[in-house]
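In: With the input below, show me the fold.
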Amino acid sequence: MNLTIHPLIVLLFFPGGLFLLASGLVFQWADRKLVARFQNRVGPRFLQPLADVLKLLAKEEIIPAGAHRGLFIALPIIALASALTAALYVPMFGVQPFFSFQGDLIVTIYLLSALTISLGLAGANSIDRFSLVGATRTLTQLFSYEAPFLLAMIGPALAAQSWQISKINAFTSETTWFIVAQPIGFLVALVGLMGKLELPPFDAPEAETDIVAGALTEYSGRGFALFRLAKDIELVIGLTLVAAFYLGGISNPLEFLLKTGGLLLVMALLQTAFARLRIDQTVGLWWRVGALMGLVQILAILAGIYIRQWWL
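Out: Modelled structure (predicted):
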């Protein structure tokens with residue numbers, strides 16, 4: 001009986017399911033609060049993200065004319081389900097992943113990309129001009145930030161000689177922090193994560209002063225709430241991956257809070273320090289620089305591995 005109940009508790013409550021949703025809201029609040037304080041503003045109250053989600057869930061969901069009804073409803077669900085599934089392979093809150101297998105790093109990266117693809121399809125599914133422009137920017141930015149982020153994740157994987165997140169986390173816990181050994185990869189990972197989540201200054205795809213809400217302009221009610229929750233969960237997962245790979249691993253909840261909180265503080269500072277970049281600036285510059293930096297680091301790691309094996 002206990003063997004049957006325990007997996008359900010893990011999936012539905014801790015460390016997945018409801019606890020992960022609540023953590024996403026807390027991280028969203030912390031990010032907004034930090035940015036507000038850096039800008040000399042008060043910022044939202046602690047329960048504001050939860051109140052926003054509850055209000056959106058209670059609102060009527062209006063499907064615009066000309067949009068495919070099934071796709072319009074399914075895309076937010078796919079985005080949220082993909083983010084929740086990705087959390088199964090990551091050491092959330094310092095707890096061992098619920099599922100783990102050789103190659104789960106690649107699966108996790110693809111699952112995290114499903115949110116961006118769903119956002120692009122959501123905008124393309126609408127005939128609204130702001131949604132179409134937002135979808136174009138979202139998918140354009142996808143190609144510019146996914147590849148560098150993946151390259152940044154590959155660096156520690158090559159050093160650990162494993163594609164399994166739990167093994168990479170264990171390896172980094174026993175060695176020097178990779179932020180020292182692979183500083184370029186850490187920078188690429190952090191900036192790539194901000195680009196994936198469309199956080200300032202990389203928020204051109206949803207620039208409210210230009211295109212209202214970008215790809216989600218026509219979304220309201222439950223659909224918009226699910227997309228918001230998926231972004232919040234992806235923020236937590238992304239910070240966990242960066243901390244596990246570059247900040248000496250994560251082995252307990254306290255370590256998780258300290259390391260992910262520190263990364264969130266740095267991201268909030270970057271959001272405050274830079275003004276929004278144009279889409280051509282975010283795409284052209286980072287695609288050339290970020291991808292090149294990631295490739296250079298991987299080549300350096302491979303060269304180091306080859307030299308070490310030859311020397312031994």
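
In: Point out where the stretch 101-250 of the chain drops to low pLDDT.
Out: For the stretch 101-250 of the chain, no stretch has pLDDT under 70.

In: Please repeat the previous calculation with a cut-off of 80.
Out: For the stretch 101-250 of the chain, the stretches with pLDDT under 80 are 127-128, 142-144, 176, 203-215.

In: now stretch 236-244, how far from the centre of its chain.
Out: What separates the centre of stretch 236-244 from the centre of its chain is 8 Å, taken as C-alpha atoms, centre = their mean, to the nearest Å.

In: what's next to that stretch, contact-wise?
Out: Judged by C-beta atoms under 8 Å, 6 or more residues apart in numbering, the contacts made with stretch 236-244 from elsewhere in the structure are 20, 23-24, 27, 83, 86-87, 90-92, 108, 112, 153, 165, 168-169, 172, 186, 189-190, 193, 196-197, 250, 256, 259-260, 263-264. Quick note: C-beta positions are derived from backbone N, CA and C, even for glycine.

In: Dump that stretch to CSV, restricted to CA.
Out: C-alpha atoms of stretch 236-244 as CSV (Å, rounded to 0.1, in the frame of the first residue of the first chain):
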residue,chain,number,x,y,z
VAL,A,236,12.5,27.4,-11.0
ILE,A,237,13.7,24.5,-13.1
GLY,A,238,16.2,26.7,-15.1
LEU,A,239,17.6,28.2,-11.9
THR,A,240,17.9,24.7,-10.4
LEU,A,241,19.8,23.4,-13.5
VAL,A,242,22.2,26.3,-13.5
ALA,A,243,22.8,26.0,-9.7
ALA,A,244,23.3,22.2,-9.9
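
In: In helices, which of the contacts of stretch 236-244 fall?
Out: Under the assignment DSSP state H, the contacts of stretch 236-244 contribute 20, 23-24, 27, 83, 86, 108, 112, 153, 165, 168-169, 172, 186, 189-190, 193, 196, 256, 259-260, 263-264 to helices.

In: Quick one: the helices in the stretch 1-150 of the chain, in order.
Out: If you assign secondary structure with DSSP state H, counting those that start in this stretch, the helices in the stretch 1-150 of the chain sit at 2-12, 17-38, 48-58, 69-86, 104-124, 129-160.

In: Same question for the stretch 201-312 of the chain.
Out: Along the stretch 201-312 of the chain, the segments classed as helices by DSSP H, counting those that start in this stretch run 208-211, 221-246, 253-273, 279-311.

In: mind checking which of those is nearest His68?
Out: With distances scored as C-beta to C-beta, the stretch of the helices of the stretch 201-312 of the chain nearest to His68 is helix 221-246 (13.1 Å).

In: and the direction of that closest one versus that of helix 253-273, what angle?
Out: Angle between the axes of helix 221-246 and helix 253-273 is 110 degrees (criterion: axes from the mean of the first three to the mean of the last three C-alpha atoms, to 10 degrees).

In: Just the angle for helix 221-246 relative to helix 104-124, thanks.
Out: Put simply, helix 221-246 runs at 150 degrees to helix 104-124, going by the same axes, to 10 degrees.

In: Between helix 69-86 and helix 221-246, find me the angle.
Out: For helix 221-246 against helix 69-86, the angle between stretch directions is 30 degrees (the same axes, to 10 degrees).

In: And helix 221-246, what's buried?
Out: Neighbour-count burial for helix 221-246, counted by 16 or more other C-beta atoms under 10 Å, picks out 221-246.

In: same thing with stretch 36-54?
Out: With burial defined by 16+ other C-beta under 10 Å, the residues of stretch 36-54 counted as buried are 43, 49-50, 52-53.

In: As TSV, those with pLDDT would be great.
Out: Listed next are the buried residues of stretch 36-54 as TSV, based on pLDDT from 0 to 100:
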residue	pLDDT
Gly43	85
Pro49	91
Leu50	92
Asp52	89
Val53	90
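
In: from memory Lys167 sits against Ala160, does it?
Out: Yes - proximity of Lys167 to Ala160 meets the contact threshold set by C-beta atoms under 8 Å, at 6.2 Å.
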